[in-house]
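> no letters, just coordinates:
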């Protein structure tokens, strides 16, 4: 590791200024910015320095230089200069401003950064993990947030949770570098060690919500923050494993060959393009350098109904002759408290984790690979201690997908963990799908959402579930028995006619016959249905509802080399209304023969050398123009672009950003895959999907309903192709401004375009002459229709605002509101409640205008101050807020029937009513301080709304 340059500057974030030493640090092909704080400025001793942040200079890193007049708000930096030099650093969506003393300092810093950027590969290899693993021992928030870090406290799947924790020595203690060499100060031979402390990261729930940057972003990022990295596994980071270049390590790691020792021929170092191609060819020929080895995997699932763990779980986890190599244990309904739905902390997590750990076989020592939780859905993965060297830490990842209301309530959905064992990728999914006998299609929709949205983002591009060699899907899938009355079902169970009964099972009827769990298998079920029992007994549900017994709890699997040994339930555990289920598998794993892999790699590299010297990349596109007509809100349209490799060499393509644009496509367009490698004679089908959803509908108003984009398809080492995408969007009331909605008398599809343009103009409401016979709605008629429907048909319905609607019903509700017909809103009451939330979420300016967002948070602890904020917002915003709060209070008056809770409602509508101003600099959620700040804002939003749900609002 080498420090190339260091300069003193002022770092500015969120209007907070701090003097920092900024060092350019290189290690092999990677370059990063290290920010150092100092006890004194200027620094006189190396002992005064400490590492505060590390920012990776990668594809997400951009910079811009400005001149700032010294009379600005930051002119106190150096009053002797006429101008300061400002360098804006953009890391993803974050912005960090660096103020430097003079032009020379700025020029030098920018020069080093640009040099590092020019040395970047053309793109990360497909499916390969992100680089900069050596920076994991220091805190790198990638946000510019200045938080100290302590390498002792990095989460580590095999370090923090073990029955026999070995040494706790810091593996990074001697890995240091000398920034002082470039600071013109002298301090002998001393060296700086990164030893800044922060509290240990909290393990927290998360939800992949695909919405906003508040509760959803917080929970999602907490999931990412919980990812375990085995930072000390490879020992000394400066050891290059026998001279293996970093680029080759990426390939071999992705193939599951940690430290393979493969050496390059003639000292050739592959480029990023080669990494793609080498990976492809090595995969094609892996049978030449791999052999099979067998391991055992124990999968268990249990809906624990919010109960505390029993004294032991051994009767569930030790029902195997020999300790398995891998344990995968999933829970549902871990915590049913309202706090678990609203906030991230749950004491049940630690209780059940400890119960599992104490109940694992004594014969085997196990280490935790991962714990991931989203509300009440939790999964733990353990491996035998002897397998630790065969599970590369950089290839362990996790994600969550919430399928609750609006995709932000994590009471339903799934969590996933992936890892690589030797040369085989394993994926484990734990889900809790929609409940109730009749909600067959909602369960299918939940499955589709988890399957399509789960992304393991430690890889570039992110990996999907289907891209793994072996997948194990466990959980409370909630599929029921249809077509038989309860007495008939119980009689068949008593006679153990399980096979006959399974023909009426909703899941069994679909496996192999639909897209639901396509490709998955399930073992023979030879046990009684696992639901529903009277708690504490083995007796069927005797409550008033008397639910029909069902096999809700299932274990499915997919992939080659999997043999199921047993599939059983555990009726002796009676604390829940569900019984736990387990299955033991023998799996075949590919192991690399290092000597053979060296020879194959050498052959691949020689072949590539010949091809690259003789040929250029050539492709043929089947078309370059795409037309999407009559695109409607939340309704997907898709087309396929086929790219054929007609040349003699593999071709790497990627869609790249156009000049001065932040993305390669418009937000309403999705391209899959956006980059890949095509071998000679092969083709790649690229899916172009158009979807106008809540994230972009507000930008497509009546004056701008044309969909238009130009895509740039770039060939590495070749030319660019330009692809045009055109279409038209059918305007919808979803996404209209509140100002326009209260002026719109008829359905939006019957309103002339010229009138829509007029009422959408800022200030149109102020200029409207009401003395000429015009009138305004107190609240939008669309909101009134939705509220009125919920009140008449759903005020006593359980799980209001917690159970999601069906997509086809949401589309029908959209058409009803936009056309005015039919008179009665179609769909279930749960679809109507989701439509109401979605409608409010699509408002360009929220119910409580975003300009008073931070003031609202400041006042959240005092009801009188909160009332003062509401009294000062525009009349149409105030009317809507009061109307909705009155409606919610009335629903709470029926809580004895609908079971609504004020804290859950306040949390949901706090997210809807209060949104930060657009383009707000979002604080990093990858740090404890950033997460704490986001959690604080979430609690304040909830507190603000709670005041108005628990009190009558009178001005």
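Nice, thanks for sending it over. Because the structure is predicted, anything quoted here is derived from the model rather than measured.
> and for the residue lying closest to residue 692 once chain neighbours are set aside, the neighbour number?
Nearest residue to residue 692, sequence neighbours excluded (Cβ to Cβ, 6 or more residues apart in numbering): residue 668, at 5.0 Å. From N, CA and C alone the C-beta is placed, and that goes for glycine too. As a burial measure, residue 668 scores 22 neighbours (other Cβ atoms under 10 Å).
> list the buried residues of stretch 818-829.
Neighbour counts over stretch 818-829 (16 or more other Cβ atoms under 10 Å) mark 818, 820, 825, 827, 828, 829 as buried.
> give the contact list for the last one.
Spelled out, that is residue 829. 789, 790, 793, 794, 797, 800 (Cβ atoms under 8 Å, 6 or more residues apart in numbering).
> out of the residues you listed, who's nearest residue 548?
residue 797 (21.0 Å; Cβ to Cβ).
> with residue 97 as the reference, measure out to the closest one.
Per Cβ to Cβ, to the nearest Å, residue 797 is found 51 Å from residue 97.
> ok, now residue 807?
Distance from residue 807 to residue 97, by Cβ to Cβ: 43 Å.
> so those two - more neighbours on which side?
More crowded of residue 807 and residue 97, by other Cβ under 10 Å: residue 97, with 20 against 17.
> looking at it, residue 276 is touching residue 673, isn't it?
No - contact criterion Cβ atoms under 8 Å: residue 276 and residue 673 do not qualify, at 11.8 Å.
> in helices, which of the contacts of residue 829 fall?
Within those, residues falling in helices by DSSP state H are 789, 790, 793, 794.
> which of those residues lies closest to residue 118?
Nearest to residue 118 among the ones in helices among the contacts of residue 829, with distances taken as Cβ to Cβ, is residue 790, at 58.1 Å.
> residues in contact with the closest one?
Here residue 790 is in contact with 800, 829, 832, 833, 836, 887, 891 (Cβ under 8 Å, 6+ apart).
> skipping its backbone neighbours, what lies nearest the third one in space?
The shortest distance from residue 832 to any non-neighbouring residue, by Cβ to Cβ, 6+ apart, is to residue 789 (5.3 Å).
> that neighbour against residue 833, yeah?
No - look at residue 789 against residue 833 with Cβ under 8 Å: they stay out of range, at 9.4 Å.
> neighbour-wise, which of the two wins?
Counting neighbours by other Cβ under 10 Å for residue 789 and for residue 833 shows that residue 833 has the greater number, 26 against 21.
> flag the shaky bits of the stretch 1-150 of the chain, pLDDT-wise.
Applying pLDDT under 70 to the stretch 1-150 of the chain flags the ranges 1-4, 14-15, 28, 39-48, 65-84, 92-94, 121-131, 133, 136-150.
> do you have the strands of it handy? List them.
2-13, 16-27, 30-38, 49-56, 61-69, 83-91, 94-100, 128-129 (DSSP state E, counting those that start in this stretch).
> take those and lay them out in JSON lines including distance to residue 469.
Shown next, in JSON lines, are these (distance: least, Cβ to Cβ, whole Å):
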{"stretch": "strand 2-13", "distance to residue 469": "39"}
{"stretch": "strand 16-27", "distance to residue 469": "32"}
{"stretch": "strand 30-38", "distance to residue 469": "29"}
{"stretch": "strand 49-56", "distance to residue 469": "30"}
{"stretch": "strand 61-69", "distance to residue 469": "33"}
{"stretch": "strand 83-91", "distance to residue 469": "34"}
{"stretch": "strand 94-100", "distance to residue 469": "36"}
{"stretch": "strand 128-129", "distance to residue 469": "16"}
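> right, and those strands - which one's nearest residue 601?
Comparing the strands of the stretch 1-150 of the chain under Cβ to Cβ, the one sitting nearest is strand 128-129, at 15.6 Å.
> what mean pLDDT does the one helix or strand residue 425 maps to have?
Under the criterion of DSSP states H and E, residue 425 resides in strand 424-432. Strand 424-432 shows a mean pLDDT of 97.
> again, but for stretch 319-339
Here the average pLDDT along stretch 319-339 is 91.
> for stretch 626-641, same thing?
97.
> ok, now stretch 843-855?
96.
> what residues sit buried inside that stretch?
For stretch 843-855, by 16+ other Cβ under 10 Å, it's 843, 844, 845, 846, 847, 848, 849, 850, 852, 853.
> in a markdown table, list these along with distance to residue 563 and secondary structure.
As requested, the buried residues of stretch 843-855 are exported to a markdown table (distance: Cβ to Cβ, whole Å; DSSP: H, G, I helix; E, B strand; the rest coil):
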| residue | distance to residue 563 | secondary structure |
| --- | --- | --- |
| 843 | 54 | coil |
| 844 | 56 | coil |
| 845 | 58 | coil |
| 846 | 54 | coil |
| 847 | 56 | coil |
| 848 | 58 | strand |
| 849 | 61 | coil |
| 850 | 57 | helix |
| 852 | 62 | helix |
| 853 | 56 | helix |
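> just those now: which is nearest residue 883?
Using Cβ to Cβ, these come closest to residue 883 at residue 847, 9.8 Å.
> now that closest one. Its backbone dihedrals?
When read as degrees, to the nearest 10, the backbone of residue 847 gives phi -50, psi -50.
> so, low pLDDT: which residues of the stretch 801-950 of the chain?
Looking at the stretch 801-950 of the chain by pLDDT under 70, you get 921-927.
> right, and the strands of the stretch 1-150 of the chain - which one's nearest residue 944?
Going by Cβ to Cβ, the one of the strands of the stretch 1-150 of the chain nearest residue 944 is strand 16-27, 24.9 Å.
> strand partners of that closest one, parallel vs antiparallel please.
strand 2-13 (antiparallel), strand 30-38 (antiparallel) (DSSP bridges).
> point out the most buried one among those strands.
strand 30-38 (a mean of 22; mean count of other Cβ atoms under 10 Å).
> show me the shaky parts of the stretch 251-400 of the chain.
Using pLDDT under 70, the flagged stretches of the stretch 251-400 of the chain are 251-274, 341-344.
> quick one: the strands in it?
With DSSP E, counting those that start in this stretch, the ranges of strands along the stretch 251-400 of the chain come out as 290-303, 326-332, 366-374, 377-384, 397-402.
> for those strands, which one sits closest to residue 572?
strand 290-303 (12.5 Å).
> in the closest one, what's buried?
For strand 290-303, the neighbour count (16+ other Cβ under 10 Å) marks 290, 295, 296, 297, 298, 299, 300, 301, 302, 303 as buried.
> thought residue 469 was touching residue 557?
No - between residue 469 and residue 557 there is no contact under Cβ under 8 Å: 11.6 Å.
> ok so, going back, ok, of the buried residues of stretch 818-829, which one's closest to residue 919?
Of those, the one sitting nearest to residue 919 (Cβ to Cβ) turns out to be residue 818, at 29.1 Å.
> which helices and strands does the helix or strand harbouring the closest one pack with?
When secondary structure is defined by DSSP H and E, residue 818 falls within helix 807-819. When contacts are defined as 3 or more Cβ pairs under 8 Å, 6 or more residues apart in numbering; DSSP states H and E, helix 807-819 packs onto helix 781-794, helix 829-841.
> is it possible to export those to JSON lines including distance to residue 735?
Below are these laid out as JSON lines (distance: least, Cβ to Cβ, whole Å):
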{"stretch": "helix 781-794", "distance to residue 735": "11"}
{"stretch": "helix 829-841", "distance to residue 735": "9"}
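> list the buried residues of the helix or strand harbouring residue 488.
In the assignment (DSSP H and E), residue 488 maps to helix 486-494. Going by neighbour count (16+ other Cβ under 10 Å), the buried part of helix 486-494 is 489, 492.
> which residues does the helix or strand following that helix contact?
Going down the chain from helix 486-494, the next helix or strand is helix 498-502, by DSSP H and E. If you take Cβ under 8 Å, 6+ apart as the criterion, helix 498-502 is touched by 481, 484, 489, 492, 493, 508, 525, 526, 527, 551.
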